[in-house]
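Participant: give me a 3D structure for the following:
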Amino acid sequence: MNSRYLIKTAVREYPDNTALICSGVRLTFRQLDARVNRLANALLDLGLRPGDRVAILMKNGVEYIDTDFALSKTGLVRVALNYRLGLEDHEYVLKDSGAKALIFGRDFAKDVAAMRGRLGEVERYIRVGKSSRDQLAGEILDYDDLLAASVPDDPGVETDETGLHQLTYTSGTTGNPKGVMISEKAWCSATINILLNYGPISESDVIVNLQQLSHGAGYFVMPYFIRGATNILLDFNPLKVFETVQTERVTVLKLVPVMLYKLLDTYGQQSYDLSSLKHIIYGGSPISRPRLVQALEVFGKILSQLYGQSEVPMCLTTLSRQDHNFQGTEEEVKRLESAGKPCTNVEVKIVDDAGDEVKPGQKGEVAARGDLIMDGYWKMPETTAEVLKNGWVYTGDMGYMDSKGFVFLVDRKNDIIISGGFNIYPVEVEKVIATHPEVQEVAVIGVPDEKWGEAVKAIVVPKPGASPTAGDIITFCKQTGLGFRSPKSVDFIADIPRNPYGKVDKKSLRKPYWEGRGKQIN
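Facilitator: Residues are numbered from 1 along each chain as shown. I've put the predicted structure just below:
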C-alpha cells in the first residue's frame, strides 16, 4: 500500500465529485489530479528523484494540496516548514533535511532571499504567486508556469512502502527541532487509522480544515479524499466558519480547543443553520472540562477527541462521540478528562522508569506501537534509541490507564514540578483551576522556592469582566482537594502565550522566574 495508489483509486472512483474548495476555487477530483500530475512531472523534469527532500513553505491553499499529492506520486520526501516559525528555524530545517528544492509562497520571498546564500544544497526554488523578481537573485521558477508547461499524465513512479514519505520536524522545545521519519507504510497506516476511528466517512461528507496543514491537520485531508468527500481549507474566523457550515452543508470540523472556545464565544451572535454538522474533531492541547460540557450542550453529542504526536501520528487514542457523556454516571463523566481509548490499530501501555508495564490506575509514561510509528529521528541515532525501544515509542507523556482502557494524561515528563520531594503534575492543577467560574484559561508552572525547591504557580487569564484574586484561586484549589498541589502563588495576565504550533509556551512563562539561575530545576 502506498499513497500514490490511494490517490489514483479515489480519482478513478469519484472523478466528478468536488474534491477541494479554497478561496473561491472549486476543483473536482479529476481537475485536482491533473494539476497534481502536472506538478509531479515538472518536478521530475527538474531532475529530482525519489528520496530527494522537497521543502514546503506556504500557507494553506490549493497549491499546498497540489504539492502534497505530487510528492506522494513521485516518491519525493515532504519536508513541511511551519510558516509561523522564524528565519533561523527555517534555515536549520532546510540544512538539516538536505532539501534539494523549496516550494514557497510569495509571502515568504524576503525570507527566502535572506537565506538563499547559505542554502548550498537547495538546487531549485519554486515560487507560488507572482512577485517582484528583484527580491530574489538568480533563477526562481514560477509555479504556474511550471504547471502550464507540463503534462497532466500520471508520472508512473513506483513507490516502496518502506521508503520515506516525510520528515516532520518537532517544535524543538528541548533543543533544535528533530526530523521525525515517517515511512510510506506509516503514513498510509495513519490514514487508515483515521478511517477506522473517526468514521464512517462517505462521499456526502464535507470537512473544513481550520489548522495548518504542515503538521497534524494535514493527515485529515487524505482519509476524506479517498472516500470521495470534499475538503475545504479555511482561515479561522468564527462567523466565517458558521457561514461556511451553512452554505456548503459542512458535516465535519477539524480544530484545536482554543478554536472551539472562540466558536462558543461567538455562537448566537448571528443565526446560522448548522443542522448539517455531525462531527467536531478536536485535539492538540488539553481542553477545559467546563468548556467541553458547554460545547456538548451547544452543538450536541457530536464531539470526538484525538491524542497523538509527530512520532505516532494521528492518533494513539480517541475519545469517541459515544464516550462524550456529561450526563452519565460519575465514572462516565470523569472520562471527559481522558484522552480516550487506544485506537483500533495502535497498542498503548503505561510504563515505569524501568520500562515495565504498570497496573491500571498507576502513573507512568505512555508508550505506543503499531505500523504508524516513526522509523526514528533523521540523522539522530542516539536520540532515536532513547525514544524508540523494542518497537515501542516512549512518548514523554505521563499518565495512567483505568480498568476500561481509558488513558488519562497528567503531563509532559519534562514539565513535572518537584516540590518538597513530591511529583506534581501541572495538568492536574490546571484542570481544577479551569473549573473556577471566573477563569478563562490557566497554565501552571514550577518556580524556584528556597524551602520547597520548586513551588506551584498558576498563571491565570480571567474571564471578561471578572476580577478574581490570588487568594480566591488558592482557596478554591484547597477546597477541591488539591492539598499540597495547590498553587502557592497566582499571577494574572491578558493572554497565555503559545508557540507557533499552538501549544502553551511554558518555556516563556517560566523564563522570568528562572532567569539568571543557569538551570530550570531547583
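
Participant: all contacts plus neighbour counts: C-alpha atoms, from now on.
Facilitator: OK.

Participant: list the residues that contact the most centrally placed residue in the chain.
Facilitator: Nearest residue to the geometric centre of the chain (C-alpha atoms, centre = their mean): Gly216, 3.5 Å. By C-alpha atoms under 8 Å, 6 or more residues apart in numbering, the residues touching Gly216 are 309-310, 313-314.

Participant: pLDDT wise, what is His90 at?
Facilitator: We have a pLDDT of 92 for His90.

Participant: repeat that for Gly138.
Facilitator: 63.

Participant: quick one: low-confidence parts of the stretch 51-200 of the chain?
Facilitator: 131-138, 171-175 (pLDDT under 70).

Participant: tell me the helices and strands packed up against the lowest-mean-pLDDT helix or strand in the chain.
Facilitator: Across the helices and strands of the chain, mean confidence by mean pLDDT, DSSP states H and E is lowest for strand 422-424: a mean of 78. If you count contacts as 3 or more C-alpha pairs under 8 Å, 6 or more residues apart in numbering; DSSP states H and E, strand 422-424 packs onto strand 417-419.

Participant: just how off-centre is the strand it packs on within its chain?
Facilitator: Relative to the chain's own centre, strand 417-419 is displaced by 29 Å; criterion: C-alpha atoms, centre = their mean, to the nearest Å.

Participant: and the residue nearest to Leu119 when sequence neighbours are not counted, its phi and psi?
Facilitator: Leaving aside its sequence neighbours, Leu119 sits nearest to Lys95 (C-alpha to C-alpha, 6 or more residues apart in numbering; 6.7 Å). Per-residue torsions, Lys95: phi -70, psi -50 (degrees, to the nearest 10).

Participant: can you list the domain ranges for this structure.
Facilitator: 27-159, 417-514 (automatic domain parsing).

Participant: contact partners for the residue lying closest to Lys451 once chain neighbours are set aside?
Facilitator: Of all residues not flanking Lys451 in the chain, Gly420 sits nearest, at 7.8 Å (C-alpha to C-alpha, 6+ apart). By C-alpha under 8 Å, 6+ apart, the residues touching Gly420 are 451-454.

Participant: surely Ser304 is in contact with Ile287?
Facilitator: No - counting by C-alpha atoms under 8 Å, Ser304 stays clear of Ile287, with 11.9 Å between them.

Participant: quick one: pLDDT of the closest residue to Val504 other than its chain neighbours?
Facilitator: Spatial nearest neighbour of Val504, chain neighbours left out: Arg498 (4.4 Å); criterion: C-alpha to C-alpha, 6+ apart. Arg498 is assigned 87 on the pLDDT scale.

Participant: how far away is Arg498 from Leu509?
Facilitator: 10 Å (C-alpha to C-alpha, to the nearest Å).

Participant: please apply the same query to Tyr307.
Facilitator: 24 Å.

Participant: between these two, which is the more surrounded one?
Facilitator: Neighbours per residue (other C-alpha atoms under 10 Å) separate Tyr307 from Leu509, with Tyr307 holding more: 25 against 18.

Participant: tell me the SS of the more buried one?
Facilitator: strand (DSSP: H, G, I helix; E, B strand; the rest coil).

Participant: show me the beta-bridge partners of it.
Facilitator: Bridge pairing for Tyr307 (DSSP bridges) gives the partners Thr317.

Participant: residues contacting it?
Facilitator: Contacts of Tyr307 by C-alpha under 8 Å, 6+ apart are 283-284, 314-318, 339.

Participant: could you report the pLDDT at it?
Facilitator: pLDDT recorded at Tyr307 is 93.

Participant: that one and Tyr261: what is the separation?
Facilitator: 18 Å.

Participant: can you give me the helices in the stretch 351-500 of the chain?
Facilitator: Ranges of helices in the stretch 351-500 of the chain, per DSSP state H, counting those that start in this stretch, are 381-387, 426-433, 470-479.

Participant: would you turn those helices into TSV with mean neighbour count, distance to Leu43 and mean pLDDT?
Facilitator: Shown next, in TSV, are the helices of the stretch 351-500 of the chain (neighbours: other C-alpha atoms under 10 Å; distance: least, C-alpha to C-alpha, whole Å; pLDDT from 0 to 100):
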stretch	mean neighbour count	distance to Leu43	mean pLDDT
helix 381-387	13	31	95
helix 426-433	21	46	89
helix 470-479	16	58	94
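
Participant: top helix in the chain by residue count?
Facilitator: helix 29-45 (DSSP state H).

Participant: which residues does that one contact?
Facilitator: So helix 29-45 is contacted by 10-11, 14-20, 66-67, 69-71, 73-74, 146-155 (C-alpha under 8 Å, 6+ apart).

Participant: likewise for stretch 176-189?
Facilitator: By C-alpha under 8 Å, 6+ apart, stretch 176-189 touches 1-3, 93, 97, 160-172, 310-311, 371-378.

Participant: my guess is Ile417 contacts Val429. True?
Facilitator: No - counting by C-alpha under 8 Å, Ile417 stays clear of Val429, with 11.1 Å between them.

Participant: for Met115, what are its contacts?
Facilitator: 87, 91.

Participant: now name the helix or strand holding it.
Facilitator: For Met115, the host element (DSSP states H and E) is helix 109-115.

Participant: could you list the paired strands of the helix or strand just after that helix along with their orientation?
Facilitator: Using DSSP H and E, the helix or strand that follows helix 109-115 in sequence is strand 124-128. Under the criterion DSSP bridges, strand 124-128 sits next to strand 101-105 (parallel), strand 141-142 (parallel) in its sheet.

Participant: for Asn345, find the nearest of those strands.
Facilitator: With C-alpha to C-alpha, the closest approach to Asn345 among the strands paired with strand 124-128 belongs to strand 101-105: 34.1 Å.

Participant: would you mind getting the angle between the closest one and helix 29-45?
Facilitator: 140 degrees (axes from the mean of the first three to the mean of the last three C-alpha atoms, to 10 degrees).

Participant: using CSV, list the CA coordinates for strand 101-105.
Facilitator: Taking Å, rounded to 0.1, in the frame of the first residue of the first chain, the C-alpha atoms of strand 101-105 are listed here in CSV:
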residue,chain,number,x,y,z
ALA,A,101,14.1,22.0,-3.7
LEU,A,102,12.0,24.6,-1.9
ILE,A,103,8.4,25.5,-2.9
PHE,A,104,7.4,28.7,-1.2
GLY,A,105,4.6,31.2,-1.2
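
Participant: list of residues touching that strand?
Facilitator: 53-59, 122-129.

Participant: try stretch 321-331
Facilitator: 293, 301-304, 332-333, 335-336, 340.

Participant: pretty sure the residue nearest to Leu119 is touching Gly117, no?
Facilitator: No - the criterion here is C-alpha under 8 Å, and Lys95 misses it with Gly117 at 12.0 Å.

Participant: which one's more surrounded, those two?
Facilitator: Neighbours were counted for Lys95 and for Gly117 using other C-alpha under 10 Å; Lys95 has more, 15 against 10.

Participant: distance of that one from Leu57?
Facilitator: Counting by C-alpha to C-alpha, the gap from Lys95 to Leu57 is 14 Å.

Participant: so Pro238 versus Leu210, what's the distance?
Facilitator: Here Pro238 is placed at a distance of 10 Å from Leu210 (C-alpha to C-alpha).

Participant: need the outlier residue of this structure, farthest from its centre.
Facilitator: Lys451 (38.9 Å).

Participant: re earlier: if you rank the contacts of Gly420 by neighbours, which is first?
Facilitator: Counting by other C-alpha under 10 Å, top hit in the contacts of Gly420: Glu454 with 20 neighbours.

Participant: can you name the residues bridging to that one?
Facilitator: For Glu454, the beta-bridge partners under DSSP bridges are Pro448.

Participant: that one and Val447 touch, don't they?
Facilitator: Yes - under the criterion of C-alpha under 8 Å, Glu454 makes contact with Val447 at 5.3 Å.
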